[in-house]
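Colleague: here's my sequence, what's the structure:
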Amino acid sequence: MSPAHNKSPAVAAALAALDAGGSPDNVTLRDAVRALLTDLARRAPGRSVEVRVPPYGAVQCVPGPRHTRGTPSNVVEMDGVTWIKVATGRLRWAEAVAAGKIKASGGRADLSPYLPDSPD
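Modeller: Here you go, the predicted structure:
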């Protein structure tokens with residue numbers, strides 16, 4: 001986990017809940033998702049990929065052609081728990097995609113270069 005993740009009380013609380021075999025409460029989950037999405041946008045600045053974690057948040061990121069109208073050609077969507085696991089390295093990108101936990105479309109929709117590459 002990067003230092004930015006360590007500074008987020010919501011991410012720490014969400015990971016603690018997941019490690020204990022439970023689920024984070026909705027407020028913690030929302031805040032953790034948003035903190036990790038913000039961190040992704042900082043590490044992969046751009047507007048060529050839209051990452052959606054409904055209902056908690058979405059960001060545009062990754063260098064490349066900017067999307068301006070309609071449905072973006074590069075979209076990634078997943079649930080909040082999957083996003084927390086992938087963004088913190090608890091679940092590999094490829095494993096989550098193969099399991100159907102991530103829907104990714106478009107040539108730039110592979111976020112693995114911007115995420116931790118191995119589970120804790």
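Colleague: other residues contacting the longest helix belonging to the chain?
Modeller: For the chain, the helix that runs over the most residues, judged by DSSP state H, is helix 26-43. Helix 26-43 has contacts (CB atoms under 8 Å, 6 or more residues apart in numbering) with 2, 4-5, 8, 10-11, 13-15, 17, 23-24, 51, 53, 56-61, 80-81, 83-84, 87-88, 111, 114-115. C-betas here are computed from N, CA, C, even on glycine.
Colleague: beyond that helix, next helix or strand please.
Modeller: Proceeding N to C from helix 26-43, the next assigned helix or strand is strand 49-53, under DSSP states H and E.
Colleague: partner strands of that next one, parallel or antiparallel?
Modeller: Strand 49-53 has these partner strands in its sheet, going by DSSP bridges: strand 57-61 (antiparallel), strand 75-78 (parallel).
Colleague: any idea which of those strands is most buried?
Modeller: Mean neighbours per residue, mean count of other CB atoms under 10 Å, is largest over those for strand 75-78, with a mean of 22.
Colleague: continuing past that one, what's the next helix or strand?
Modeller: Counting by DSSP H and E, what follows strand 75-78 is helix 80-87.
Colleague: mean confidence for that next one?
Modeller: Mean pLDDT, helix 80-87: 97.
Colleague: next secondary structure element downstream of that helix?
Modeller: Where DSSP H and E defines the elements, the next helix or strand beyond helix 80-87 is helix 93-98.
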